[in-house]
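S.K.: Pasting the sequence and the predicted coordinates here, then a few questions.
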Amino acid sequence: MKKTTIQASSDIALIKYWGKKDEVLRLPENGSISIILSGLDTVTTVEFREDLIQDQVFIQGEEIENVSIEAQRVSKHLDRMRDLAKERKITGANWFAKVVSKNTFPRGTGLSSSGSGMAALTYAAARALGLDVSEKELSILSRQASGTACRCVCGGFVEWLDGDTSDTSYSHTIFSKEHWDIRDVVAVVDEGRKKISSTEGHTTAQTSPFFKVRQDRIKQKIELVKQAIAEKNFTELGKIVEAEALEFHSILLTSEVPLILWYPGTVQVMHEVQKMREEGIECYFTINTGFNLHILTLPEFEAEVNQRLFALPLVVKTLTATIGDKPKEISEHLF
Ligand code: DP6
């Protein structure tokens, strides 16, 4: 059994995954599109060991209690990987693992740390167990741990195909990162953990009276985003992406129980983005289930967008990201 370390990047959904038609398999109600973000990364080391009596999970330098939801989610996913290794008669397939993980960005704040985290875990566990798996299989395995993670096993511009079965719901790269240089400035307005996880939020999606309206239009919206990316039409892409983020939050606001996730700083950033556009600085915001925002822009505007957002009184800090690649193995282990 080989100790393995993987670096995986998070992503930002341009068209969001919201609502599941199968909660156990994590089959989404609709397809989604994202870009992988180099700069918002997770590094994870995994080692399966005969001497361990249970899985051990450390995140950001802290041991996670085995009874916690987070540790159980990791162990459940390791079981999935171990089951596959057992099917393939790999020696040591029933050993427990030590997992050490760290992020370059705050976790649990709506910046998809479960996406990069579970993608890194899947890749690292697969390599540590010596499993010979394709990118498609890695995507299907990751999806069952976290929907976003199924996109984070790919690079560049990614589409998660909405499938009716586990084998048909996976992600693939639609354009490589070299296709188009888009920048993402993340405005962090709070580093505290969000109160409701995305996993919990998904369960109420269908209760919004607007959910069906969204579903009726989403296939066409996905096509329009793909076309804007293909043509490198930033204005068109930005308009769709910002409107999509607001539509997504209108679902959250009208679900039972309503999810009002924005903080005062969130709205301050939205207003500043609109103001910058009026001044000719092209940038558009998008936001997931949280209060921190992603602002998409072009390389020539990045420095100014970053400066303007950082100067806002309610912005704690900014992070910058470029379009990233799929997870990669690195030689520096975390233990
Ligand atoms: C709003 O992937 O975090 O960020 O599958 O339960 O782990 P689970 O949910 P998760 O949901 C992400 C929702 C979103 C939109 C998106 O990234 O597509």
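M.R.: Yes, it's here.
S.K.: how about the residues of the protein near the ligand?
M.R.: With Cβ under 6 Å from any ligand atom as the criterion, the chain meets the ligand at residues 13, 16-18, 26, 32, 112, 114, 146-148, 198-199, 202, 288-289. Backbone N, C-alpha and C define where each C-beta goes, glycine included.
S.K.: quick one: which of those is nearest Ala243?
M.R.: Relative to Ala243, the closest of the residues of the chain next to the ligand is Lys16; by Cβ to Cβ it sits at 11.7 Å.
S.K.: Got phi/psi on that closest one?
M.R.: Here is the backbone geometry of Lys16 (degrees, to the nearest 10): phi -80, psi 150.
S.K.: Tell me who's in contact with it.
M.R.: 32, 244-245, 248, 288 (Cβ atoms under 8 Å, 6 or more residues apart in numbering).
S.K.: Buried residues, the strand or helix carrying Ser34. List them.
M.R.: Per DSSP states H and E, Ser34 falls inside strand 32-49. Judged by neighbour count (16 or more other Cβ atoms under 10 Å), strand 32-49 contains these buried residues: 32-48.
S.K.: In the sheet, which strands lie alongside it, parallel or antiparallel?
M.R.: Strand 32-49 pairs in its sheet with strand 4-15 (antiparallel), strand 96-103 (antiparallel), strand 157-160 (antiparallel), strand 317-323 (antiparallel), by DSSP bridges.
S.K.: Deepest in the core, which of those is it.
M.R.: Each of the strands paired with strand 32-49 was assessed for mean neighbour count using mean count of other Cβ atoms under 10 Å. The highest is strand 4-15, with a mean of 26.
S.K.: immediately after that strand, which helix or strand?
M.R.: strand 20-22.
S.K.: gap between the residue lying farthest from the centre of the chain and Gln274?
M.R.: What lies farthest from the middle of the chain is Asp51; by Cα atoms, centre = their mean that is 33.4 Å. According to Cβ to Cβ, to the nearest Å, Asp51 stands 58 Å off from Gln274.
S.K.: circling back: so which of the residues of the chain next to the ligand would you say is closest to His333?
M.R.: Nearest to His333 among the residues of the chain next to the ligand is Ser114, at 22.3 Å by Cβ to Cβ.
S.K.: give the contact list for the closest one.
M.R.: Residues in contact with Ser114 (Cβ under 8 Å, 6+ apart) are 145-146, 148-149, 198.
S.K.: Please identify the helix or strand for it.
M.R.: Counting by DSSP H and E, Ser114 is part of helix 113-129.
S.K.: can you pull the buried residues of whichever helix or strand comes after that helix?
M.R.: As assigned by DSSP H and E, the chain's next helix or strand after helix 113-129 is helix 135-143. Buried residues in helix 135-143, counted by 16+ other Cβ under 10 Å: 135, 137-143.
S.K.: need those residues in CSV with pLDDT, can you?
M.R.: Putting the buried residues of helix 135-143 into CSV (pLDDT from 0 to 100) gives the following:
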residue, pLDDT
Glu135, 97
Glu137, 98
Leu138, 98
Ser139, 98
Ile140, 98
Leu141, 98
Ser142, 98
Arg143, 98
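S.K.: Just name the closest of those residues to Ala93, please.
M.R.: The closest of the buried residues of helix 135-143 to Ala93 turns out to be Leu141 (Cβ to Cβ; 14.8 Å).
S.K.: for stretch 50-61, the distance to its chain's centre please.
M.R.: 24 Å (Cα atoms, centre = their mean, to the nearest Å).
S.K.: Give me the mean pLDDT for it.
M.R.: Mean pLDDT, computed over stretch 50-61, is 96.
S.K.: Kindly export it (C-alpha atoms) in CSV.
M.R.: Extracted as CSV, the C-alpha positions of stretch 50-61 are listed here (Å, rounded to 0.1, in the frame of the first residue of the first chain):
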residue,chain,number,x,y,z
GLU,A,50,-2.8,-2.8,8.7
ASP,A,51,-2.1,-1.5,12.3
LEU,A,52,-5.1,1.0,12.4
ILE,A,53,-8.2,0.0,14.2
GLN,A,54,-10.3,2.8,12.7
ASP,A,55,-9.9,5.5,10.1
GLN,A,56,-8.1,8.7,11.3
VAL,A,57,-9.0,12.0,9.7
PHE,A,58,-7.1,15.3,10.2
ILE,A,59,-8.3,18.5,8.5
GLN,A,60,-6.4,21.8,8.8
GLY,A,61,-4.2,20.2,11.5
